[in-house]
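Peer 1: What follows is a predicted structure for the sequence shown.
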Amino acid sequence: MAKMSVKKGDTVKVICGKDKGVQGEVLAAYPQTQRVSVRGVAMVKKTLRPTQENPSGGIDERESTVHVSDVMLVCPHCDLPTRVGSRREGNKKIRVCKRCGKDID
């Protein structure tokens with residue numbers, strides 16, 4: 001399984017593409033494909049079939065995924081986009097902000 005520096009619940013900033021500069025929360029992370037779903041980023045329209053709950057069907061707007069290299073983690077301490085380092089404490093791996101040096105987890 002591939003390693004990623006962002007997890008579900010992290011705040012990230014989009015660094016390239018049509019949504020460049022937008023900050024949002026990671027809704028889901030897909031390590032197998034190296035993609036993340038971010039709230040309010042890469043919105044696509046999806047058509048819905050008529051069902052018993054929604055008899056008329058319709059068009060729904062939802063988030064698509066973006067590649068993990070197109071987003072950068074925002075440090076909760078310094079509030080700036082940063083690269084992520086790591087250090088070990090016993091058997092536990094801890095993510096570290098490369099900008100301010102404080103722990104992210």
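Peer 2: Sure thing, it's come through.
Peer 1: hey, where'd the strands end up in this protein?
Peer 2: 11-14, 23-30, 35-38, 43-48, 58-63, 65-67, 71-74, 81-82, 84-89, 92-97 (DSSP state E).
Peer 1: Between those, which one is closest to residue 104.
Peer 2: strand 92-97 (4.2 Å; C-beta to C-beta). C-beta: built from backbone N, CA, C; applies to glycine.
Peer 1: Next up, the contacts around the spatially most central residue of the chain.
Peer 2: For the chain, residue 26 is the residue whose C-alpha lies nearest the centre (C-alpha atoms, centre = their mean; 3.3 Å). Contacts here follow C-beta atoms under 8 Å, 6 or more residues apart in numbering; on that basis residue 26 touches 6-12, 36-39, 71.
Peer 1: ok, now residue 85?
Peer 2: Taking C-beta under 8 Å, 6+ apart, we find residue 85 in contact with 95-98.
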